[in-house]
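Asks: show me the folded form of this:
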Amino acid sequence: MKEDKKKYSELAVSLKNKNFSSVVDTISALRRQQPFAGAVSLLAEMYNTTRHDIIKGAIRSFMNDIKEKGVREEVVGELKKKHKAETIEMIASSCWQSGLDYSGYALVFAGLFAEGEYQVALECYTVLEESMNRLDRDTRDEIIKIVRGKREKYSNEKSALMLDLIGMLA
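Replies: Prediction:
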């Protein structure tokens, strides 16, 4: 655990570098390391605050390629934070692109679907679609209840997405 704190501190300092090329190199170097607690949080926060598309691209690519099951809880924790919609969209997208099983967090994705903008809802829809075969009837029914709960606020596109999701869950 002491090693994780050291790695976390080093990453935090490296991500504050004013040279965005060095920041991208730091993110790339994370691929060669064992995952450690806090790395996803630091990257999500950086994605949320930076204006550099190259840095955002490096973070997005890193997140999409995560294969370590133990990181799922930290990733979902970031989805629950008050990040910009663009950041939530990127994190949700990484969940299905990584190929990891997020079915245990299906209700979180249902809530994000209900509350989020269309692009966030679309990414959550994809995660739920990928999880479909691992969801029991009670969970499916709860997802339907959640996504129907805010339907009066949905755009036409999101309403159509909701109906398609309900059709898959039924």
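Asks: distance between the ends of stretch 30-37?
Replies: Chord length of stretch 30-37, first to last residue, is 12 Å (C-alpha to C-alpha, to the nearest Å).
Asks: what ranges in this protein fall below the confidence cut-off?
Replies: For the chain, the stretches flagged by pLDDT under 70 are 1-3.
Asks: may I see the domains of it written out as residue ranges?
Replies: 1-100, 101-170 (automatic domain parsing).
Asks: ok now the first one, how far from the chain's centre?
Replies: Relative to the mean C-alpha coordinate of its chain, domain 1-100 is positioned 10 Å out (C-alpha atoms, centre = their mean, to the nearest Å).
Asks: any idea how far residue 166 is from residue 141?
Replies: Separation of residue 166 from residue 141 (C-beta to C-beta, to the nearest Å): 11 Å. Where you see a C-beta, it was placed from the backbone N, CA and C, and this is true even at glycine.
Asks: element containing the closest residue to residue 113 other than its chain neighbours?
Replies: Nearest non-adjacent residue to residue 113, counting by C-beta to C-beta, 6 or more residues apart in numbering: residue 124, 4.1 Å away. Per DSSP states H and E: residue 124 is located in helix 118-131.
Asks: ok, back up a step: my guess is the residue nearest to residue 113 contacts residue 117. True?
Replies: No. Counting by C-beta atoms under 8 Å, residue 124 does not reach residue 117; the two are 10.8 Å apart.
Asks: circling back: gap between the residue nearest to residue 113 and residue 41?
Replies: 20 Å.
Asks: compare neighbour counts for these two and give me the winner.
Replies: residue 124 (31 against 16; other C-beta atoms under 10 Å).
Asks: secondary structure element for the residue most central in space within the chain?
Replies: Nearest residue to the geometric centre of the chain (C-alpha atoms, centre = their mean): residue 91, 2.3 Å. Using DSSP H and E, residue 91 falls within helix 85-97.
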